[in-house]
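J.: following is a predicted model, sequence given first.
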Amino acid sequence: MTSEKNVYLCILAGGSGTRLWPLSRQSSPKQVLTLAGQRSMIQGTIDRVLPLIPLEHILILTDPSRVELITAHLPELPRGNILVEPSARGTAPALGLAAARLRSRLSGDAVMLSLHADHLVSRPEVFLKALRAAIKTARSGRLVTIGVQPSSPETGYGYIERGALLEDELLPVYELKEFKEKPDLATAERFVASGLYDWNTGYFCWMLDTILAAFAQHLPETASLLASIVEAEARSASPSEVLTLWEAIPRNTIDEGIMERVQGAAVVSCDLGWSDIGSWASLYEVLAKDEAGNVSTGGGEHLAIDSHNCLVYSRDRLVATIGLEGMIVVDTGDAVLVMPSERAQQVSDLVKLLKAQQRERFL
């Protein structure tokens, strides 16, 4: 497969993955964990795109605390390709800054892709086809996202309502009608039954001038501050000056700030075998199970009696279970998490509680 020309990929790698605590922590965030396969999540993301985008065109967007960790996982990536955000302001400022930085040295018709560092894709050939379709559509002047055809009424994902079919050469590309927030179960069931909705992957594609024009129209204050940051960096301004400009940018997501406001956006609809592995329950879904429906992962051993449909993570210790059904047990040596799988989304509440109690050694 030949590489796409004049295309640059930005990989968002600043998340914390709190719902995978106690494995995912500040010192070992989700994107550098090996959760499925032999490579870390961020390494797997790079592996998937290399047939299409050369390494020198791949940029990592992260915060200062993650630079050394990401460098250790991606030693082949040029150090200058790690773009640092001074602090977390949301995906809109992060992607806007990346676009403004790229535009300062590239033509406006250069295409920018945005992916997350910590997702699983089990159909890489469809993934590459989806990227090609997104790039082609972006070159027509549209802002593009990639949607995944839902396999179940999942309440942990946002949804995209599709409009009219635009083309169907590589994969179906539709007008993007509306973004929907994470629904309750009844609404999710209605979305899936209608056949008109995709899961929102958070993957985007656009030409640089197209996205920067959208920022100028819909987030003018942010656009102005981003331009000031790029100008300040060009004259080697002090880090404190850049930080002051950055901290003045309102927090916002690219979905709410830009994609939900623009007219004429498009969605590539496909089946990637995709999961954001946003919780221990979603990790259970993608891993191989034994005859009792159990998953044992992490390197340790699970000894089970009358236990079914459980996920047990242990690095080196034996975990024994009796009579468990649909449970998740995670043992990281210094912490143990036990919960029913249907409450996996509440792990982030545990992390908030640990922060409130200032128990930093567990974070």
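T.: Happy to help now that I have it.

J.: every contact and neighbour count from this point should use C-alpha atoms.
T.: Fine.

J.: how about the spatially most central residue of the chain, what does it touch?
T.: Nearest to the mean C-alpha position of the chain, by C-alpha atoms, centre = their mean, lies H116 at 3.0 Å. Counting by C-alpha atoms under 8 Å, 6 or more residues apart in numbering, H116 touches 11-13, 45, 202-203.

J.: go again with 7 Å.
T.: Applying C-alpha atoms under 7 Å, 6 or more residues apart in numbering to H116 gives the contacts 11-13.

J.: if I look at it, how far off is G17?
T.: 12 Å (C-alpha to C-alpha, to the nearest Å).

J.: what do you get for D255?
T.: For D255 relative to G17 (C-alpha to C-alpha), the value is 19 Å.

J.: try L115
T.: Remark: distance between L115 and G17 (C-alpha to C-alpha) = 16 Å.

J.: ok, now I211?
T.: 27 Å.

J.: please apply the same query to L208.
T.: 29 Å.

J.: which SSE is V242 in?
T.: Using DSSP states H and E, V242 sits within helix 239-247.

J.: give me the beta-bridge partners of S314?
T.: The partner list for S314 in beta bridges (DSSP bridges) reads D331.

J.: so for D255 and G17, which sits in the more crowded spot?
T.: The neighbour comparison of D255 against G17 (other C-alpha atoms under 10 Å) goes to G17, with 20 against 16.

J.: just the C-alphas of the helix or strand containing I11, formatted as PDB.
T.: Per DSSP H and E: I11 is located in strand 7-12. Taking Å, rounded to 0.1, in the frame of the first residue of the first chain, the C-alpha atoms of strand 7-12 are listed here in PDB:
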ATOM      1  CA  VAL A   7      -1.000  13.900   5.000                       C
ATOM      2  CA  TYR A   8       0.000  14.300   8.600                       C
ATOM      3  CA  LEU A   9      -1.300  12.300  11.600                       C
ATOM      4  CA  CYS A  10      -1.700  13.700  15.100                       C
ATOM      5  CA  ILE A  11      -2.200  11.200  17.800                       C
ATOM      6  CA  LEU A  12      -3.800  12.400  21.000                       C
END
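
J.: so what touches it?
T.: So strand 7-12 is in contact with 57-62, 110-117, going by C-alpha under 7 Å, 6+ apart.

J.: now the end-to-end length of stretch 272-281.
T.: Stretch 272-281: ends 19 Å apart by C-alpha to C-alpha.
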